[in-house]
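Asks: sequence unknown, structure follows:
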């Protein structure tokens with residue numbers, strides 16, 4: 001049993017699904033979130049939060065790779 005309500009859990013899950021590039025997850029979770037009362041704006045915020053996590057992880061991973069393998073010229 002979660003102390004978080006269904007809408008909050010769905011929004012967190014949407015952000016996580018975005019961060020791991022899971023399209024089927026996002027499609028399913030959109031329905032779950034809407035059924036739980038989430039608005040489009042809330043879902044957009046959840047995706048934006050996932051984007052921040054995803055980008056932060058990529059920056060850290062790039063740093064780890066440079067540390068382990070030496071400076072790498074990553075393409076944009």
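Replies: All right, it came through fine. Predicted, not measured: the structure shown is a model, and the values here were computed from it.
Asks: give me the mean pLDDT for the longest helix seen in the chain.
Replies: The residue-count maximum for a helix in the chain (DSSP state H) belongs to helix 40-69. Average pLDDT, helix 40-69: 96.
Asks: buried ones in it?
Replies: Across helix 40-69, burial judged by 16 or more other C-beta atoms under 10 Å covers 42, 43, 46, 49, 50, 54. For glycine as for every other residue, the C-beta is placed from the backbone atoms N, C-alpha and C.
Asks: shouldn't the last one be in contact with residue 19?
Replies: Think residue 54. Yes. Residue 54 lies in contact with residue 19 (C-beta atoms under 8 Å); the separation is 4.4 Å.
Asks: how distant is stretch 48-60 from the center of its chain?
Replies: Put simply, stretch 48-60 sits 8 Å off its chain's centre (C-alpha atoms, centre = their mean, to the nearest Å).
Asks: can you list the neighbours in contact with it?
Replies: 14, 15, 16, 17, 18, 19 (C-beta atoms under 8 Å, 6 or more residues apart in numbering).
Asks: of the residues you listed - the most surrounded one?
Replies: residue 14 (26 neighbours; other C-beta atoms under 10 Å).
Asks: skip the chain neighbours and tell me the closest residue to that residue.
Replies: residue 46 (4.1 Å; C-beta to C-beta, 6 or more residues apart in numbering).
Asks: for residue 12, see how far away that neighbour is.
Replies: 7 Å (C-beta to C-beta, to the nearest Å).
Asks: then residue 25?
Replies: Between residue 25 and residue 12 the computed distance is 12 Å (C-beta to C-beta).
Asks: got it, and residue 69?
Replies: 34 Å.
Asks: with residue 68 instead?
Replies: From residue 68 over to residue 12 (counting by C-beta to C-beta), the distance is 32 Å.
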